[in-house]
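Chemist: Can you look at this prediction? I've put the sequence above it.
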Amino acid sequence: MKSRIRVLVAKPGLDGHDQGAKVVVRALMDAGFEVIYSGLRQSPEAVARIALEEDVDVIGLSSMAGSHMQFCRRLRELLEENRLTGKLWIIGGNIPKRDAAELQKIGLHGIFPTGSQFEEITHFIKENVT
């Protein structure tokens, strides 16, 4: 049995803004999670591979560049191919409210737009990792 919840935080696509992701990574670590940070400009294939290799409990995306819909659609396919659909999947960042319903249909469990509180994110993870 794992001692700590393992969280992957990834930066999708050409998104070069990672200050917010790094702050969230630190908050997750402070909350007791083991965090794997992918770094910038990850492809859906890379995120799925890292999630599989690292045996994470949570796949978290941090998106500021607006390419999250296409990225999440492709990542969903890869998660299904790799039998990773049982992982908690969340996204945060510059996520317009109009995209929330579609992201949930794609399979995301939690959506945390810019300004979300760290406690809200950590509580959601703790309550939903099975």
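Modeler: Structure received.
Chemist: Can you give me the buried ones in stretch 80-100?
Modeler: Using 16 or more other Cβ atoms under 10 Å as the test for burial, stretch 80-100 gives 84, 87-93, 95, 99. For glycine as for every other residue, the C-beta is placed from the backbone atoms N, C-alpha and C.
Chemist: Ok, stretch 109-123 next?
Modeler: For stretch 109-123, the neighbour count (16+ other Cβ under 10 Å) marks 109-112, 116, 121-122 as buried.
Chemist: Could you pull out the helices in the chain for me?
Modeler: For the chain, the helices defined by DSSP state H cover 19-30, 44-54, 68-81, 100-106, 118-128.
Chemist: Throw these into JSON lines and include mean pLDDT, thanks.
Modeler: JSON lines is the format used below for the helices of the chain (pLDDT from 0 to 100):
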{"stretch": "helix 19-30", "mean pLDDT": "92"}
{"stretch": "helix 44-54", "mean pLDDT": "97"}
{"stretch": "helix 68-81", "mean pLDDT": "96"}
{"stretch": "helix 100-106", "mean pLDDT": "96"}
{"stretch": "helix 118-128", "mean pLDDT": "97"}
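Chemist: Can you say which of these is nearest to residue 8?
Modeler: Among those, the nearest to residue 8 by Cβ to Cβ is helix 44-54 (5.4 Å).
Chemist: And the closest one, what does it pack against?
Modeler: strand 6-10, strand 58-63, helix 68-81 (3 or more Cβ pairs under 8 Å, 6 or more residues apart in numbering; DSSP states H and E).
Chemist: Quick check: which of the ones you listed is buried the most?
Modeler: Ranked by mean neighbour count, the helices and strands packed on helix 44-54 are led by strand 58-63 with a mean of 26 (mean count of other Cβ atoms under 10 Å).
Chemist: Can you tell me which helices and strands that strand packs against?
Modeler: strand 6-10, helix 19-30, helix 44-54, helix 68-81, strand 88-93.
Chemist: coming back round to it: turn the helices of the chain into CSV, including distance to residue 61.
Modeler: Listed next are these as CSV, based on distance: least, Cβ to Cβ, whole Å:
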stretch, distance to residue 61
helix 19-30, 9
helix 44-54, 7
helix 68-81, 7
helix 100-106, 10
helix 118-128, 12
